[in-house]
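A.B. asks: whatever this is, show me its structure:
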Amino acid sequence: MNGWMGKILQVNLSTGTISEIDTRPYADKYLGGRGIGVGLYWEKVKPETGAFDPENCLIFTTGPIVGSSAQGATLTSVVGKSPATIPEGFCYGNLTGFVGAELKKAGYDGLVVEGKASRPTYIFIEDGRAELRDAAGLWGQNGYRTGELLEQIHGAKTRFIAIGAAGEHLVRTAVALASHDCTVSAGFGAVMGSKNLKAIAIRGSGKVEVADLEKLHELNRYTIKISKRVRLSIPPRIEHTKYAELLEVIGKGNCYLCGLECVAGVYRYGKKLIGHRKCQSVEYYLPWVYGQEDEPIETFFNAPVMANDYGFDSWEMTNIIEWLYAGYRTGALTEAETGLPLSRIGTAEFLEKLMRAIAYREGFGDILAEGLVRAGEKISPKARALFPPTLAPIGANYAFSPRTFPIMALLYPPEPRVHHVNYHDIAFVHIAWSIEQQQPGVTGVTGPLVHRIAREFWGSDTAGDFSSYEGKALAAKIIQHRTYLKEMLGLCDWGYPISYSFNTPDHMGDPDIEAKICTAVTGIPGEELDIYAERVYNLQRLILLREGRQTPAADYPMDFIFTEPQRGMPGAGIMVPGPGDSAVDMVGNKLDRDKFTAMLKEYYTLRGWDEETGLPRAETLAALGLGDMAKALAVQ
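C.D. replies: Below you'll find the predicted structure:
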């Protein structure tokens, strides 16, 4: 198999020992990326291990095509026990940018970090060797300054993963910052802090071998051409304000050797502020939403950088700030109680004081540092009542509600965290279809095209009727497999799948492009890939069961989804593709419990799980080569 250099680095911070693991046995079974990460986690992290225990492992793994010139092959998967989940348990996150390719060029397919250093430490990796270095001079610095210092020490081309004050002080939702403004969530910044691991610095000069370089070059040209789609560069909260016209995308902000368009762009705001921004983090702090009309635009533009620097998850900060604002307006929270200038929400002054309070666990910030969901145990019932029903320990739950998209009821609950990648397959097509409904001819994604996409990407024509329950069990399984394969191969979610295109005659995308790229780089036939996804998905299921997941109850969405009608904006509907070329308004809809239960049982059957309990059947696991793991759990 090309693409692999053959070694996974293993570092024990407690003993200071550095060793190597042969990649091949894991690649043969789990392919790469999150697959190998899940396999290593099963072996190394016990159910009773706590997130901040030295025995917890933080596992970084790349895919077999990362480091090649394959477009969008930039993903590094991160797996470990998360301090953010409730209870603490298995979780995962992703890093794009440059660190994965640099790790591959340095000679390693992954990195496993265990133990706890006796003093602040960083790991330096360069061309087949690694060493532990003293980080006393880095400790106390925030993320960007840490990166700058590492570049001064090891050279400008050094790639890094580092934590800021939030990670050092074990803020449960703290992120780790990587080169190219990338972050990994799930509280893994705090896990690094618990290990006294300040940073990882990487330099590599190697090259990833490619099975068929000429074919890969051909596929790269083809992929760039057909990847032209709705870019979604201006996030929706900004787009719906009068300030959106001041925000201009002036560049792509590409990751390693990537020419694809995506939401990670170089922005110019107000004709003078220029910087690299990504996705939701662009808009998590909008001063004018909180009535601060006179606040300088620098506050809005600098907010993502501040979050990255301290090590804050922007989704969590969105939840916290909106809750504090609602509490202040209703009188449920006061400035005296919180020690925060709540009347100044929306200003740079407030954001700096809030971040410092949480990062250094000062006063009310110490409560918020436990994560907003856990903070609910230490605040008044009146303040707790202001939590949105979709509040989740990681991310923002149900951004695309199952009341609007019934398939989401199968995509959200099985995961240990809010996993936006799973719903992007549906969401991106829906967004392009919605634009076409309002402005015919702009995207070309009509109702008939949605149904063709459904047949070729999701398994059936009925999956193209977003309002129905038919065909969704199969579609969910296919989408999950495609998602897992992307993260096992190392492909960026913003680039794939290419389900529609502005640059094809019929606007149809290519359902096989990921497999074609994999074959060109590794030589693995595309038709063999699905078994890897099936195996890893089942192994993750076993991990969650081993750590206490109760099925089928845990596979049901939140109860209000069944009882409270979907709301829309006044006078506006929430339209989704229906049968044929029709559109269906989902305002007022509730998820039907009986239909969902039938859909869930169909999904269990398709997966080879017990229809009533949701437990994987022994014969299913045996066929996937997971029989020994099933025995460990006594799955029958």
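
A.B. asks: so where is the stretch 251-400 of the chain shaky, pLDDT-wise?
C.D. replies: Residues of the stretch 251-400 of the chain meeting the criterion pLDDT under 70: 263-264, 397.

A.B. asks: tell me where it has helices.
C.D. replies: For the stretch 251-400 of the chain, the helices defined by DSSP state H, counting those that start in this stretch cover 297-310, 314-330, 335-338, 348-359, 364-368, 372-375, 381-384.

A.B. asks: mind putting these in a markdown table, mean neighbour count included?
C.D. replies: C-beta coordinates here come from the backbone N, C-alpha and C atoms, glycine included. Converted to a markdown table, these look like this (neighbours: other CB atoms under 10 Å):
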| stretch | mean neighbour count |
| --- | --- |
| helix 297-310 | 21 |
| helix 314-330 | 21 |
| helix 335-338 | 14 |
| helix 348-359 | 20 |
| helix 364-368 | 20 |
| helix 372-375 | 19 |
| helix 381-384 | 14 |
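
A.B. asks: which among those helices is found nearest to His419?
C.D. replies: If you check each of the helices of the stretch 251-400 of the chain against His419 by CB to CB, helix 314-330 wins as the nearest, at 12.3 Å.

A.B. asks: just checking, what packs against that closest one?
C.D. replies: helix 297-310, helix 348-359, helix 372-375, helix 381-384 (3 or more CB pairs under 8 Å, 6 or more residues apart in numbering; DSSP states H and E).

A.B. asks: now render the ones you listed as CSV, adding distance to Leu177.
C.D. replies: Formatted as CSV, these follow (distance: least, CB to CB, whole Å):
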stretch, distance to Leu177
helix 297-310, 5
helix 348-359, 13
helix 372-375, 21
helix 381-384, 31
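
A.B. asks: out of those, nearest to Ile153?
C.D. replies: Using CB to CB as the measure, helix 297-310 is the one of the helices and strands packed on helix 314-330 that comes nearest Ile153, at 19.3 Å.

A.B. asks: what does that closest one rub up against?
C.D. replies: Helix 297-310 has contacts (CB atoms under 8 Å, 6 or more residues apart in numbering) with 142-145, 164-166, 175, 177, 181, 183, 243, 246, 267, 269-270, 273, 275, 277-278, 281-282, 284-287, 292, 312-314, 317, 346-348, 351-352, 355, 359.

A.B. asks: what are the boundaries of the helices in the stretch 101-250 of the chain?
C.D. replies: Assigned by DSSP H, counting those that start in this stretch, the stretch 101-250 of the chain shows helices spanning 143-154, 165-168, 188-194, 213-226, 236-239.

A.B. asks: now these in a markdown table, with mean pLDDT, distance to Trp494 and mean neighbour count?
C.D. replies: Rendered in a markdown table, the data for the helices of the stretch 101-250 of the chain read as follows (pLDDT from 0 to 100; distance: least, CB to CB, whole Å; neighbours: other CB atoms under 10 Å):
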| stretch | mean pLDDT | distance to Trp494 | mean neighbour count |
| --- | --- | --- | --- |
| helix 143-154 | 98 | 22 | 19 |
| helix 165-168 | 98 | 25 | 27 |
| helix 188-194 | 98 | 21 | 28 |
| helix 213-226 | 97 | 13 | 16 |
| helix 236-239 | 74 | 16 | 14 |
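
A.B. asks: what's the closest of those helices to Gly371?
C.D. replies: Among the helices of the stretch 101-250 of the chain, helix 188-194 sits nearest to Gly371 (CB to CB), with 10.0 Å.

A.B. asks: please enumerate residues in contact with the closest one?
C.D. replies: Contacts of helix 188-194 with the rest of the structure, by CB under 8 Å, 6+ apart, involve 51-52, 56, 58, 78, 80-84, 93, 116, 161, 163-164, 166-177, 198, 311.

A.B. asks: give me the ChimeraX select line for those, limited to the buried ones.
C.D. replies: What follows is the ChimeraX syntax for the buried subset of these, where burial is set by 16 or more other CB atoms under 10 Å:
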select :51,52,56,58,78,80,81,82,83,84,93,116,161,163,164,166,167,168,169,170,171,172,173,174,175,176,177,198,311
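
A.B. asks: which ones among the contacts of helix 188-194 are found in strands?
C.D. replies: 58, 78, 80-82, 93, 161, 176-177, 198 (DSSP state E).

A.B. asks: with respect to Asp555, which of those residues is nearest?
C.D. replies: Ser82 (19.7 Å).

A.B. asks: name the nearest residue to the closest one, ignoring sequence neighbours.
C.D. replies: Take Ser82 and drop its neighbours on the chain: the residue closest to it by CB to CB, 6 or more residues apart in numbering is Cys91, 3.5 Å away.

A.B. asks: list the contacts of the host helix or strand of the one you found.
C.D. replies: Secondary structure assigned from DSSP states H and E places Cys91 in strand 89-95. The contact list for strand 89-95, computed with CB under 8 Å, 6+ apart, reads 34, 37-38, 41, 45, 60, 75-82, 84-85, 161, 178, 182-188, 394, 416-417, 421, 487, 493, 540, 543-544, 547-548.

A.B. asks: pull the distance from it to the chain's centre.
C.D. replies: When C-alpha coordinates are averaged (CA atoms, centre = their mean, to the nearest Å), strand 89-95 and its chain have centres 8 Å apart.

A.B. asks: report the mean per-residue pLDDT for that strand.
C.D. replies: Strand 89-95 comes out with an average pLDDT of 97.

A.B. asks: from Tyr325, how far off is the residue of the chain positioned farthest from its centre?
C.D. replies: Among the C-alpha atoms of the chain, the one farthest from their average position, using CA atoms, centre = their mean, is that of Ala336, at 36.5 Å. Using CB to CB, to the nearest Å, one obtains 17 Å as the distance from Ala336 to Tyr325.
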